[in-house]
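Peer 1: fold the following and give me the result.
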Amino acid sequence: MHDNREITEGRIDRFVRDILLPALYIETIPLSIGVWDDLDEPLPFAHATGQDYRPIQVPHTWGKAWSTSWFHVTGQVPQEWLRGDGAATRVELVIDLGFTHDRPGFQVEGLAFRPDGSTVKSINPRSSYVPVPQSGDGLVDLFIEGAANPNIAGDWTWKATPLGEKHTAGDDLLYVLQQCDAALMDLTVWELIQDVWTLQGLMKELPVGSPRRHRILGGLERLVDTVDPVDVAGTAQDGRDVLAPVLASPANASSHSVVAIGHAHIDSAWLWPIRETIRKCARTFSSVIALMDADPEFRFACSSAQQLKWMKDGYPEIFARIKEKVANGQFVPVGGMWVEPDMNLPGAEAMARQFVAGKRFFLEEFGVDTREAWIPDTFGYSGATPQIIKASGTEWFLTQKISWNQTNTFPHHTFLWEGIDGTRVLTHFPPADTYVGEVSGADLARAERTFHDHRDGSVSLLPFGFGDGGGGPTREMMAAVRRTRSLEGSPTVEIDTPAHFFERAGAEMAEPPVWSGELYLELHRASYTTQHLTKQGNRRNEHWLREAELWAATAAVRTGADYPYDDLERIWQLVLLQQFHDILPGTSIAWVHREVEQNNRELAAELDALIADALAHFDAGDGGEYVANAAPFARDGVPALAAAPRAPHGGSATVAQTAEGHVLDNGLVRVMVDDRGLIVSLVDLATGREAIAPGAAGNLLQLHRDLPNQWDAWDVDDHYFRVVSDETGVDEITAIEGPDAASLTITRSFGTSHVSQVLTLRAGDATLWIDNDIDWHERRKMLKLAFPLDVHADRVAAETQFGHVQRPTHSNTSWDAARFELCAHRWVHVAEPGFGVAIANESSYGYDAQRTTRADGGTTTTARVSLLRGPTFPDPVADEGRHTIGLAVRVGADVRAAIRDGYRRNLAERAAPGPIEPLVRVDHPAVLVAAVKLAEDRSGDVVVRLYESEGGRASATATFDFDVESIAPTDLLEREIDVPAGFVRNGRSVSLALRPFQLVTLRVRRAQS
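Peer 2: The predicted structure follows:
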C-alpha cells in the first residue's frame, strides 16, 4: 500500500480548518452595542450601569493600555431559534473583543454581567461565547466589562517594554471590537469537532508505524469523505457515525491512568497589577461556575485563600455561588495557603503563617480542612517545607516546576520528600508537565511517556484549564475527558479530586522512592536577588511582625492591654500576599513592585506604631534607659524576649593608619584594609587565625555582565562568571573613631553607579559590620560582594526556614554544578573543622560559594553575596536607584554564632520605657523561640513556636512566667495534637526532646485569677 499518510493528514487539517470550524454556527445576527469607555481605573457594575452609553458599530477601536470600557449589548434573538430542537442547536452570543492571539489571559479580557449585577462568564479568545437562556422572550440585555490589558509578554523575546506602568504605557488604542453577535450553534457539528480534535491529537502522538495511528487516520479520512462541505449540518451526524467505532475502541488494560481536575493557575500579580488579578479571578470563577451549572461532572480545584477572599469582599454574588459549589463537591479548595508563595524566600514564621491564614480561611468559610499543599509554579522548594506542611495538618504535596530544570531530569513523579528534620510527605509531580493542561493528546501522551514510576504506580494527576484570567477549564476540555475515559492508545481519564488521587497513589505505592533535602530548581536563580527593595521590605516586616506580636502579647498578659488582633491579621495577610511567587522573587512589572514597596513602607510605619504602643504599657516612669530585645537569646546583658538596662560591654575599638592601609582593632578581631578599600587581613585575635586567603582580598565588589538566555528578571546563567570586573577604584577612604566603635567609610564609582561602604568594629563585638549605600544605575549587570577565605570547606551552611542546609562547594556531579547560585536567609557559614566564618545579611538572599586550590597547596573558599541586578524585562528599570544593604562578617564563628549574627543583623534592639520580664524562657541555646503571640481564635491563650536551630538533638525546658492552666502541643493552626515523646509538664514548665531542626508549637492556657 502506498504511504500517503502526510497527504491525508494535510487534507484532514484543511477540512477541519476551512469546512468544519466555519460551520459551527448556522446563523448569526449583529446586536446593538453602546460603550462607556476609557476609564483609568475599574469602577463597579453598580456605577457602570447608570452611565450614558454612546452607540457604536463593529469594528470599533478601543482601549488604552490598562483602561476599562463597558459595553451594553442589547437585541432580540429570533423566536424560531428558541423554538428549535434544543438537542440539535443552542443559542449563544459570540464576542470578539479584539483578540490578538489565541493565548487567553495575556491580552484583552471581558466579563459579562446580567442587568441585576450577577455575572455570566468571562470572554476570552478560547471561550468567546456567552450563553443565552434557551427559553423566554429572546431579549438580550448584557453589560460587558472590557479590560484593555496590554500584551506585556509580546512574543516572549524579553524585550524591554514601557507597558508595565500606566504612565509610560502611552495613549494608543490597543484593540478592535470585531464581533458581537447572537449565534445559533449546531450541536452536532460541535460534537463532531470535539471527536476530530481528540482523535487527531491522539493520532499525532502515536508512533508512525502504530496500527492504531493508521486506523485513526483511516477513520478521519472516511469522515472527510462523508461530510458534505456544502451541507455540513446535514451530514455531520453521518461523520460522527463514521468515527464512532474508532472512539469506541477501549484503552489497554495496562494503560496509564490520569486523574483530571479542573484548575486555573492565576498569578496573583505578574504581568499585571494586583487590582487586575482581582478581576481575573472574578472572570475565571464566573466561567467555572457557569461550566459547573452546565456540566455536573465538572470539578475544579482552587488553591489560593487570598483570591477567594477577594471574591468575598468585592464580588459577594460570585462568592455565594462558590460556597454552593463547595457544598455540592464541584468547587474543591486545595492547598491551604494564603497564596501560592515563593518557597525559598519567605521567612520561617511567614511560611508557617501561609498555612495558618489559608487553612483558617477554608475552614471558616467552607468547613474544609485541606489535605494537600498545592504549589505547581514556584522557583524551587526549601528543605524545610515537608515539616511545615505536616505541621499544618496537611498530608500531601503537589508541584510541577522542577520539570523546568535546565540540566537534570528529576527522577521521580510520585515519591516521599524528606525534609531537613526527617519529616516525609507524599509528593507528586504531574508527568503531563503542565498545570494549564487542555486534556489534549499531547498532554495525555506526555503523562504516560514521561512517568518515571510505572513499575509500582499507575496513576498521575492532570490539572487542566487556562490560567491567568484565561477563564479556566472549557466545555471543550470536558468533552475531551469524556472521549478519553477509555480510548485505545491513550491513558484512561477520569474526573476526580486531588485528595482521591493522593489516596489512590499512596495506596498503590507501598514503598515510594525518597528524595531528601531541598527541591532545587535549576532555573530562575536570579529570583533570589532581583528587585532588592521588594525583598528588603518583606524581610523587615517579617521581623517587625515578630516584635509586634511579642510585645503585644506580653502587654496583654502582663498589663491586660488589648491585643491588636485585627491589625495584625490585616498586616499579615498583606505581607503573605506580597510573598506570592512572582512578587517576592522580583519578577513582576514595575507597577507591581512600586505598589509593593509603598505598601511595605506603610506597613513598617504601622508595625513601628504597634510596637511602640505595646512597649508604652511598661513605662517605669523613672527615666531609665532600657533596651527591648526581641531576639531569642540574650544581648548585651538583656535577656531574650525581655527589656532591661544594657550591660556595659567594656573594651574599645580603634582605627589606625599604617603604610599598608588602615587597621580596625577591638581586641577581638583585627581588620586590615588596604588603599583600595579591600580587606587584606581579617584575624580572629583569640586564636590568631587569619581568615582572608593569602594574596586575596575581601570586601571585593565584582560587577558581572548579566544577560541570560531568556527570562531576564528570573535567570542568571552560568556564563555570567566569565565576564567580570573587580571594582577596586576608590574615591575616598575616611576613618572615624568613637567611644564605642571605629569605622572606615569607603566610596567608589563605576559605570554610572556610586557605592559608599561603612566598615565598623564595635567595642566588645567580634563581628565586622558592613553597611553598603549604593546608587545603582547599571543595566544587565550583576553586583556581588566577595570574601575569599582561607578555609577548606567542602560545603557551606545556609539558613533556611527553621534550620539550615549544607551545600557542596564542588561540582562533582551535574546536580552540584547546576547549583551555581543559591539561596540563603540571614546567614551563610563557611567552615572547616575548628574554624569558620559567618556572613550575615539583612536583605540579601542570593549567594555563591566556590572552592579553589592555591599554588601553595592551600584551599580558598570564596563566598559571594549577590547584591543587585539590572534586568530589563518585565520591569525595564528593575533595581534602579538607591539601596542600603547591610552585612556582617564574623571570624572564628560556629553555626551558633552565625545564627545569632543573622538575628542581630535583622532584629535591632529598641529603646523601652521600662523593664519587661519575658513570657517564656528556654534553657537550651540551640532551641530558639520563633514566635510569641496570642491564639488565632482570640481566646487569650498564649502560643509559642520554637525550633531546634543547629541540627542536633536537644533536650530543653520552656518555662512560662505567668500562671498556667494547661500546656499543649499543637499543629500550626493551634489545634492540639498527640503528646510527643519527651513532652513532660511540670507546673509552669514543659520539658521537650527535639530532633534536629524540629519545630514545636505550644499552646498555653492562662489560669483564671
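Peer 1: ok, now which ones touch the most centrally placed residue in the chain?
Peer 2: Centroid check for the chain by C-alpha atoms, centre = their mean gives H581 as the closest residue, at 2.2 Å. In this structure, H581 makes contact with 267, 339-343, 375, 377-379, judged by C-beta atoms under 8 Å, 6 or more residues apart in numbering. (Glycine included, C-beta is placed from N, CA and C.)
Peer 1: can you say which of these are buried?
Peer 2: Taking 16 or more other C-beta atoms under 10 Å as the criterion, what is buried in the contacts of H581 is 267, 339-343, 375, 377-379.
Peer 1: picking up where we left off before, what's the residue nearest to the centre of the chain sitting at in phi/psi?
Peer 2: For H581, the backbone dihedrals are phi -80, psi 0 (criterion: degrees, to the nearest 10).
Peer 1: tell me how far it lies from E476.
Peer 2: Note on H581: its distance to E476, by C-beta to C-beta, to the nearest Å, is 29 Å.
Peer 1: same question for Q51.
Peer 2: 35 Å.
Peer 1: do the same with D171
Peer 2: 37 Å.
Peer 1: just want to know which of these two has more residues nearby.
Peer 2: Counted by other C-beta atoms under 10 Å, D171 and E476 do not tie: E476 has more neighbours, with 16 against 8.
Peer 1: contacts only, for the more buried one.
Peer 2: 194, 197, 438.
Peer 1: now do the SS call for the second one.
Peer 2: The assignment at W197 comes out as helix when based on DSSP: H, G, I helix; E, B strand; the rest coil.
Peer 1: is it in contact with A480, as I believe?
Peer 2: Yes. Between W197 and A480 there is a contact at 7.1 Å, judged by C-beta atoms under 8 Å.
Peer 1: more neighbours: those two, which one.
Peer 2: Per other C-beta under 10 Å, whichever of W197 and A480 has more neighbours is A480, with 25 against 19.
Peer 1: got the phi and psi for the more buried one?
Peer 2: Dihedral angles for A480 - degrees, to the nearest 10 - are phi -70, psi -40.
Peer 1: how about the nearest residue to it, chain neighbours excluded?
Peer 2: V439 (3.9 Å; C-beta to C-beta, 6 or more residues apart in numbering).
Peer 1: can you get me a residue count around that neighbour?
Peer 2: V439 has 26 neighbouring residues, counting by other C-beta under 10 Å.
Peer 1: do the same with A647
Peer 2: A647: 13 neighbours (other C-beta under 10 Å).
Peer 1: so it makes contact with D636?
Peer 2: Yes. Contact criterion C-beta under 8 Å: A647 and D636 qualify, at 5.6 Å.
Peer 1: element containing L615?
Peer 2: helix 590-616 (DSSP states H and E).
Peer 1: which strands or helices does that helix pack on?
Peer 2: helix 532-559, helix 565-577, strand 910-912 (3 or more C-beta pairs under 8 Å, 6 or more residues apart in numbering; DSSP states H and E).
Peer 1: and the next helix or strand past that helix?
Peer 2: Next element after helix 590-616 (DSSP H and E): strand 626-629.
Peer 1: contacting residues around that following strand?
Peer 2: Under C-beta under 8 Å, 6+ apart, the answer for strand 626-629 is 551, 615, 620, 635-636, 638-646, 909-916.
Peer 1: returning to that earlier point: out of the contacts of H581, who's nearest V58?
Peer 2: D267 (31.9 Å; C-beta to C-beta).
Peer 1: that closest one and G469: what is the separation?
Peer 2: On the measure of C-beta to C-beta, D267 and G469 end up 9 Å apart.
Peer 1: what do those two both touch?
Peer 2: Common contacts of D267 and G469 (C-beta under 8 Å, 6+ apart): T277.
Peer 1: buried set for the helix holding L615?
Peer 2: Buried residues in helix 590-616, counting neighbours by 16+ other C-beta under 10 Å, are found at 590-597, 599-600, 603, 606-607, 610-611, 613-615.
Peer 1: now the angle from it to helix 532-559?
Peer 2: 20 degrees (axes from the mean of the first three to the mean of the last three C-alpha atoms, to 10 degrees).
Peer 1: from the chain's centre, how far out does helix 590-616 sit?
Peer 2: The chain centre lies 21 Å from the centre of helix 590-616; the measure is C-alpha atoms, centre = their mean, to the nearest Å.
Peer 1: what about R882, is that helix, strand or coil?
Peer 2: Taken by three-state DSSP, the conformation at R882 corresponds to strand.
Peer 1: which residues sit in contact with it?
Peer 2: Per C-beta under 8 Å, 6+ apart, neighbours of R882: 773-776.
Peer 1: residues contacting D293?
Peer 2: Per C-beta under 8 Å, 6+ apart, neighbours of D293: none.
Peer 1: name the SS class of it, please.
Peer 2: Strictly by three-state DSSP, D293 counts as helix.
Peer 1: which other helices and strands contact the least confident helix or strand in the chain by mean pLDDT?
Peer 2: Lowest on mean pLDDT, DSSP states H and E among the helices and strands of the chain sits helix 79-82, with a mean of 89. Helix 79-82 sits against strand 89-96, with contacts defined as 3+ C-beta pairs under 8 Å, 6+ apart.
Peer 1: next SSE after the strand it packs on?
Peer 2: In N-to-C order, the element after strand 89-96 by DSSP H and E is strand 109-113.
Peer 1: state the mean pLDDT of the next helix or strand after that following strand.
Peer 2: Next along the chain after strand 109-113, taking DSSP H and E as the criterion, comes strand 119-123. Averaged over strand 119-123, pLDDT sits at 98.
Peer 1: which positions within the one helix or strand M478 maps to qualify as buried?
Peer 2: Secondary structure from DSSP H and E places M478 in helix 475-483. Across helix 475-483, burial judged by 16+ other C-beta under 10 Å covers 475-481, 483.
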